[in-house]
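J.: give me a model of this one.
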Amino acid sequence: MKNSMLTLALATSMIFASCVDRKTNDNGEVELEEKNQQVTPEDMFQTSGQEGETSPEDLAEINSAKKVINDYFDALERGETNEAYEVLSQSNSERTTPSEFAEKHANVETATVSYTTDPQVVKGANGTDVKLPFRYTILTKDGNTMSYNGSAMIVKSSEEDADYKIQGMTMTREES
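T.: Numbering: from 1, shown residues only. As a prediction, the model looks like this:
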(Lines give C-alpha, C1' and ligand atoms only; values in the text may rest on other atoms or scores of the structure.)
Protein backbone atom coordinates (compact mmCIF):
# COMPACT_ATOMS: atom_id res chain seq x y z
CA MET A 1 0.00 0.00 0.00
CA LYS A 2 2.85 2.34 0.87
CA ASN A 3 4.55 1.61 -2.45
CA SER A 4 1.40 2.34 -4.46
CA MET A 5 0.89 5.65 -2.61
CA LEU A 6 4.50 6.59 -3.25
CA THR A 7 4.16 5.63 -6.94
CA LEU A 8 0.97 7.66 -7.23
CA ALA A 9 2.59 10.70 -5.63
CA LEU A 10 5.63 10.41 -7.90
CA ALA A 11 3.44 10.05 -11.02
CA THR A 12 1.34 13.06 -10.00
CA SER A 13 4.39 15.23 -9.46
CA MET A 14 5.86 14.18 -12.83
CA ILE A 15 2.61 15.00 -14.62
CA PHE A 16 2.40 18.36 -12.86
CA ALA A 17 6.01 19.18 -13.68
CA SER A 18 5.58 18.28 -17.35
CA CYS A 19 2.46 20.47 -17.69
CA VAL A 20 4.13 23.70 -16.63
CA ASP A 21 7.05 25.82 -17.83
CA ARG A 22 10.29 25.21 -15.98
CA LYS A 23 12.56 28.10 -15.15
CA THR A 24 15.70 28.14 -13.10
CA ASN A 25 16.73 30.97 -10.83
CA ASP A 26 20.27 32.18 -10.21
CA ASN A 27 20.83 29.43 -7.61
CA GLY A 28 20.08 26.70 -10.17
CA GLU A 29 16.81 25.78 -8.49
CA VAL A 30 13.86 24.95 -10.70
CA GLU A 31 10.92 27.32 -10.44
CA LEU A 32 7.60 26.04 -11.67
CA GLU A 33 5.21 28.43 -13.33
CA GLU A 34 1.84 27.57 -14.79
CA LYS A 35 1.15 28.47 -18.40
CA ASN A 36 -1.35 31.25 -18.79
CA GLN A 37 -3.40 30.53 -21.88
CA GLN A 38 -6.49 32.39 -22.97
CA VAL A 39 -9.23 30.66 -24.89
CA THR A 40 -10.95 32.74 -27.54
CA PRO A 41 -14.48 32.07 -28.81
CA GLU A 42 -12.96 30.90 -32.12
CA ASP A 43 -11.02 28.21 -30.22
CA MET A 44 -14.25 26.77 -28.89
CA PHE A 45 -15.43 25.60 -32.31
CA GLN A 46 -13.80 22.62 -33.96
CA THR A 47 -13.27 22.75 -37.67
CA SER A 48 -12.49 19.95 -40.06
CA GLY A 49 -9.58 21.76 -41.69
CA GLN A 50 -9.09 24.65 -44.03
CA GLU A 51 -11.86 27.07 -44.81
CA GLY A 52 -13.56 26.06 -48.02
CA GLU A 53 -12.50 22.43 -47.72
CA THR A 54 -14.29 20.20 -50.21
CA SER A 55 -16.60 17.58 -48.73
CA PRO A 56 -16.23 13.90 -49.68
CA GLU A 57 -19.59 14.05 -51.48
CA ASP A 58 -18.46 17.04 -53.56
CA LEU A 59 -15.13 15.33 -54.30
CA ALA A 60 -17.05 12.35 -55.68
CA GLU A 61 -19.11 14.68 -57.90
CA ILE A 62 -15.97 16.48 -59.09
CA ASN A 63 -14.26 13.18 -59.91
CA SER A 64 -17.34 12.05 -61.86
CA ALA A 65 -17.32 15.33 -63.82
CA LYS A 66 -13.59 14.98 -64.55
CA LYS A 67 -14.22 11.46 -65.81
CA VAL A 68 -16.79 12.81 -68.28
CA ILE A 69 -14.28 15.34 -69.64
CA ASN A 70 -11.54 12.68 -69.82
CA ASP A 71 -13.89 10.25 -71.59
CA TYR A 72 -14.95 12.97 -74.05
CA PHE A 73 -11.37 13.77 -75.08
CA ASP A 74 -10.33 10.09 -75.05
CA ALA A 75 -13.17 9.34 -77.47
CA LEU A 76 -12.11 12.21 -79.75
CA GLU A 77 -8.53 10.94 -79.64
CA ARG A 78 -9.65 7.43 -80.67
CA GLY A 79 -11.79 8.86 -83.47
CA GLU A 80 -14.96 7.70 -81.72
CA THR A 81 -16.86 10.91 -82.41
CA ASN A 82 -20.25 9.26 -81.83
CA GLU A 83 -19.14 8.30 -78.31
CA ALA A 84 -17.92 11.86 -77.64
CA TYR A 85 -21.15 13.25 -79.10
CA GLU A 86 -23.24 11.18 -76.67
CA VAL A 87 -21.48 12.81 -73.69
CA LEU A 88 -22.92 16.19 -74.70
CA SER A 89 -26.18 17.27 -73.12
CA GLN A 90 -29.20 17.72 -75.41
CA SER A 91 -29.14 21.43 -74.60
CA ASN A 92 -25.44 21.85 -75.42
CA SER A 93 -24.99 24.67 -77.91
CA GLU A 94 -22.05 22.80 -79.45
CA ARG A 95 -24.21 19.77 -80.12
CA THR A 96 -24.95 19.88 -83.81
CA THR A 97 -25.86 16.81 -85.85
CA PRO A 98 -23.65 13.75 -85.29
CA SER A 99 -22.17 14.03 -88.79
CA GLU A 100 -21.34 17.75 -88.35
CA PHE A 101 -19.78 17.00 -84.96
CA ALA A 102 -17.71 14.15 -86.47
CA GLU A 103 -16.52 16.37 -89.31
CA LYS A 104 -15.54 19.18 -86.94
CA HIS A 105 -13.49 16.84 -84.70
CA ALA A 106 -12.12 14.40 -87.30
CA ASN A 107 -8.66 16.00 -87.31
CA VAL A 108 -7.84 15.32 -83.62
CA GLU A 109 -4.68 13.22 -83.19
CA THR A 110 -4.12 13.63 -79.43
CA ALA A 111 -5.68 15.61 -76.61
CA THR A 112 -4.07 16.50 -73.30
CA VAL A 113 -6.27 17.71 -70.44
CA SER A 114 -5.22 19.32 -67.16
CA TYR A 115 -7.45 20.71 -64.42
CA THR A 116 -6.47 24.23 -63.41
CA THR A 117 -8.31 25.60 -60.35
CA ASP A 118 -10.89 24.61 -57.81
CA PRO A 119 -14.14 23.36 -59.34
CA GLN A 120 -17.53 24.43 -58.00
CA VAL A 121 -20.33 22.00 -57.13
CA VAL A 122 -23.92 23.24 -56.95
CA LYS A 123 -26.64 20.86 -55.85
CA GLY A 124 -30.25 21.78 -56.45
CA ALA A 125 -33.70 20.28 -56.85
CA ASN A 126 -33.08 19.65 -60.56
CA GLY A 127 -29.75 17.88 -60.06
CA THR A 128 -26.06 18.61 -59.64
CA ASP A 129 -23.93 21.06 -61.64
CA VAL A 130 -20.13 21.05 -61.60
CA LYS A 131 -18.24 24.01 -63.05
CA LEU A 132 -14.91 22.45 -63.94
CA PRO A 133 -12.03 24.78 -64.90
CA PHE A 134 -9.51 23.06 -67.15
CA ARG A 135 -7.04 23.45 -69.98
CA TYR A 136 -6.60 21.22 -72.99
CA THR A 137 -4.18 20.95 -75.87
CA ILE A 138 -5.08 19.34 -79.18
CA LEU A 139 -2.51 18.02 -81.62
CA THR A 140 -4.11 17.69 -85.04
CA LYS A 141 -3.30 15.01 -87.60
CA ASP A 142 -1.58 17.64 -89.74
CA GLY A 143 0.77 18.57 -86.86
CA ASN A 144 -0.85 21.76 -85.56
CA THR A 145 -1.12 22.34 -81.82
CA MET A 146 -3.96 24.35 -80.30
CA SER A 147 -4.37 25.05 -76.58
CA TYR A 148 -7.54 26.23 -74.87
CA ASN A 149 -8.22 27.43 -71.35
CA GLY A 150 -11.59 27.88 -69.64
CA SER A 151 -14.24 25.76 -68.00
CA ALA A 152 -16.98 23.26 -68.69
CA MET A 153 -20.39 22.99 -67.07
CA ILE A 154 -21.06 19.33 -66.33
CA VAL A 155 -24.65 18.58 -65.29
CA LYS A 156 -26.52 15.59 -63.90
CA SER A 157 -30.28 15.61 -63.51
CA SER A 158 -31.90 14.48 -60.27
CA GLU A 159 -33.45 11.46 -62.02
CA GLU A 160 -32.36 8.10 -60.69
CA ASP A 161 -29.35 6.62 -62.53
CA ALA A 162 -28.74 9.90 -64.39
CA ASP A 163 -25.29 10.41 -65.88
CA TYR A 164 -23.25 13.56 -66.07
CA LYS A 165 -23.35 15.34 -69.43
CA ILE A 166 -21.37 18.26 -70.80
CA GLN A 167 -23.80 21.15 -70.99
CA GLY A 168 -21.28 23.60 -72.37
CA MET A 169 -17.65 24.65 -72.55
CA THR A 170 -16.48 28.23 -72.32
CA MET A 171 -12.97 28.01 -73.70
CA THR A 172 -10.52 30.62 -74.99
CA ARG A 173 -7.81 29.68 -77.44
CA GLU A 174 -4.35 30.50 -76.13
CA GLU A 175 -1.85 32.26 -78.36
CA SER A 176 1.02 30.03 -79.46
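J.: count of neighbours near L132?
T.: Neighbour count for L132, taken as other Cβ atoms under 10 Å: 25. C-beta here means a position set from N, CA and C on the backbone, and glycine is covered the same way.
J.: same question for A125.
T.: 5.
J.: now swap in F134 and tell me
T.: F134: 22 neighbours (other Cβ under 10 Å).
J.: repeat that for N144.
T.: What N144 shows, counting by other Cβ under 10 Å, is a neighbour count of 11.
J.: from L88, how far off is it?
T.: Distance of N144 to L88, given as Cβ to Cβ, to the nearest Å: 24 Å.
J.: swap in E160?
T.: In terms of Cβ to Cβ, E160 sits 22 Å off from L88.
J.: neighbour count: those two, which is higher?
T.: In terms of neighbours (other Cβ under 10 Å), L88 is the more surrounded of E160 and L88; the figures are 20 against 5.
J.: ok, the more buried one touching M169?
T.: No. Contact criterion Cβ atoms under 8 Å: L88 and M169 do not qualify, at 9.6 Å.
J.: who touches Y136 in this structure?
T.: F73, A111, T112, V113, S114, S147, Y148, M171 (Cβ atoms under 8 Å, 6 or more residues apart in numbering).
J.: of the residues you listed, grab the buried ones for ChimeraX.
T.: Here is the ChimeraX selection string for the buried members of those, based on 16 or more other Cβ atoms under 10 Å:
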select :73,111
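J.: export the contacts of Y136 to TSV and tack on distance to K66?
T.: Conversion of the contacts of Y136 to TSV gives the following (distance: Cβ to Cβ, whole Å):
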residue	distance to K66
F73	11
A111	14
T112	14
V113	9
S114	11
S147	19
Y148	16
M171	16
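J.: can I get the contacts of Y136 in CSV with distance to L59 and pLDDT?
T.: As requested, the contacts of Y136 are exported to CSV (distance: Cβ to Cβ, whole Å; pLDDT from 0 to 100):
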residue, distance to L59, pLDDT
F73, 21, 96
A111, 24, 95
T112, 23, 95
V113, 18, 96
S114, 18, 95
S147, 27, 96
Y148, 25, 96
M171, 24, 93
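J.: just the contacts of Y136: which are in helices?
T.: Judged by DSSP state H, the subset of the contacts of Y136 located in helices is F73.
J.: understood, closing this out.
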